[in-house]
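Student: Compute the structure for the input listed below.
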Amino acid sequence: MNVIVANKYRDALANLDIDVIKSLEGEFTVDEIVETFKNFYFQRMILDITALKNYKDIKTLQKLSLSLDMDRLILLLDGSPEVTEPEYLSDLISMRIYNFTMNVDGVMYLYNNPNSYRDVAQYHQLDTIHDGLSMGTAANQQVYVDSSSATVIGIKDVTDGAGATTLTYIMKKQLERNYDVVALELDKRDFMYFGENNMHSISSQELGNNLSKHSKCDVILVDINNSPSAEGLVNEMLYLVEPSKIKLNKLLSRNPKAFEKYRGKRLILNQSLLSNHDVLDFEYETNTKIFYSLPPLYDQENGNSALDAFLVKLGFIKQNDDPIGSKKGLFGKLH
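Tutor: Have a look, this model is predicted:
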C-alpha cells in the first residue's frame, strides 16, 4: 500500500492507478509528516512538494531525508525556478532522493521503474559544496560513484554488534589481494586494533574528503556505524543481522517494526549457522528477503571460500578458478 501527501496537485494525484492506504491534503511541516508516518508501513510515499512548508529551502528536504526512507519517496516538483535549479536537484541526489519528477505521468513511471543513482548522475554536481546545507550532512560531501572511480560499499549493523567492523576488515584483506582497497571507519577508533595499513578511522564530516582522496582506489569499504548521512554517499549498503535470539529480541523490543525499513535492501545474516530452511523461516517471520547468509569467519584466515562466494553474489565477477591470492585477478569490477 502507498501514501500520498498532496497540496497543489491533489486532484491529479488522486487519479493515480495505485493502491492508497492513507492520504494527507494541505501544507505540513516536516515534523508533522514524520510524526504521521514514522511508524506507519507503506510501500511508496508520493509527495507533492508544495505540501511541504518552506519547501524551497533545501534544508527542509534535508530534514525529511534524515527521518524517512528516501528509497520509498517519489517527489513531485512544482516546476518553480527555485526547485529546478541545478544546485537544488544536485542536493536532492546527495540526500539519496533519486525519484523526482515534474509531472504526474512521471510519478507513475517512477512508481513502476524506480531510479538508481546512475539514472540521475548527470544532475549531480560532484565538485560543489552548497551554502544552503549544514556541515556534516550527505548533501555537502563529494561523492565519487561513477564507473571510472572507486566502488564504495557501506556496511552497517542492524542488530547490536553484528560484526560490521570485523567483516569490513576481512573483506578488505580478501579483496586487496587483487585490488587497491581502502577501509574507512566512521566516528570510532576500533580499526587501530587490527594494525593494518589502509584502514582509517575518521569522523562522518571527513567522509566526503576521504572519498575524494581515495577515489582512484578500486574499492572503498566504509564501516558506517551510526552516521545518518553516510548511507547517501555509497554505491551499495550491506545491513548486517546476527540471527541469535538475544540480539533479535533486543532489536524487536526497541522497535517491533524494525525490519520494515530494510525491505528491498541488502540484508545479510552475519555469523549465521542457520540452515537454508531456517533462513526461509526467518524471511517469513520478518517479512524480509535475505541477500546472503554468512557463517562465522575466522579473521586470521588467509582466504575464505565462504567470503569468496559472498563477493561473487555481491557482484564481483569471478574470472577463473585460480585460488584467492593468485597473481591473476579473482574478481572483476563490481557490476
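
Student: Check which residues of stretch 97-109 are buried.
Tutor: The neighbour-count criterion (16 or more other C-beta atoms under 10 Å) identifies 97-101, 104, 107-108 as the buried residues of stretch 97-109. (C-beta placed from N, C-alpha, C; glycine too.)

Student: Filter those down to just the ones in helices.
Tutor: Using DSSP state H, the members of those that fall within helices are 104, 107-108.

Student: Let me have the residues you listed in JSON lines, adding pLDDT and distance to Val312 as columns.
Tutor: Formatted as JSON lines, those follow (pLDDT from 0 to 100; distance: C-beta to C-beta, whole Å):
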{"residue": "Val104", "pLDDT": "86", "distance to Val312": "42"}
{"residue": "Val107", "pLDDT": "92", "distance to Val312": "37"}
{"residue": "Met108", "pLDDT": "90", "distance to Val312": "36"}
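
Student: Among these, which one lies nearest to Leu207?
Tutor: Among those, Val107 lies closest to Leu207 (C-beta to C-beta), at 32.3 Å.

Student: Report how many residues lie close to Asn255.
Tutor: Neighbours of Asn255 under the rule other C-beta atoms under 10 Å: 11.

Student: tell me the strands in this protein, going along the chain?
Tutor: Assigned by DSSP state E, the strands in the chain fall at 2-6, 20-25, 44-48, 73-76, 100-101, 151-157, 181-186, 199-202, 219-223, 236-241, 266-269, 290-293.

Student: pLDDT (mean, whole number) over the first one?
Tutor: Right, strand 2-6. Averaging pLDDT along strand 2-6 yields 94.

Student: The lowest-mean-pLDDT helix or strand in the chain - contacts with which helices or strands?
Tutor: Lowest mean confidence among the helices and strands of the chain (mean pLDDT, DSSP states H and E): helix 117-120, at a mean of 79. The helices and strands touching helix 117-120, judged by 3 or more C-beta pairs under 8 Å, 6 or more residues apart in numbering; DSSP states H and E, are helix 86-94.

Student: what comes up buried for the helix it packs on?
Tutor: 88-94.

Student: Export these as TSV, with columns for pLDDT and distance to Ala306.
Tutor: Shown next, in TSV, are these (pLDDT from 0 to 100; distance: C-beta to C-beta, whole Å):
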residue	pLDDT	distance to Ala306
Tyr88	88	45
Leu89	88	42
Ser90	86	40
Asp91	87	41
Leu92	90	39
Ile93	86	36
Ser94	81	35
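
Student: Can you tell me which of these lies closest to Asn198?
Tutor: Looking across the buried residues of helix 86-94 and measuring by C-beta to C-beta, the closest to Asn198 is Ser94, at 26.1 Å.

Student: isn't that closest one right up against Ser229?
Tutor: No. In this structure, Ser94 is not within contact of Ser229 by C-beta atoms under 8 Å, at 9.2 Å.

Student: Does Asp299 touch Tyr169 like I think?
Tutor: Yes. Asp299 lies in contact with Tyr169 (C-beta under 8 Å); the separation is 6.4 Å.

Student: Neighbour count: these two, which is higher?
Tutor: The residue with more neighbours, out of Asp299 and Tyr169, is Tyr169; 23 against 13, by other C-beta under 10 Å.

Student: List the contacts of the more buried one.
Tutor: Residues near Tyr169 by C-beta atoms under 8 Å, 6 or more residues apart in numbering: 183, 191, 194, 196, 199, 299.

Student: rewinding a little: output the strands of the chain in CSV; the columns should cover distance to Phe282.
Tutor: Formatted as CSV, these follow (distance: least, C-beta to C-beta, whole Å):
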stretch, distance to Phe282
strand 2-6, 27
strand 20-25, 26
strand 44-48, 25
strand 73-76, 28
strand 100-101, 35
strand 151-157, 17
strand 181-186, 28
strand 199-202, 32
strand 219-223, 24
strand 236-241, 9
strand 266-269, 7
strand 290-293, 7
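
Student: Quick one: residues in contact with the least confident helix or strand of the chain.
Tutor: Counting by C-beta under 8 Å, 6+ apart, 89, 93, 98, 124, 145, 235 sit against helix 117-120.
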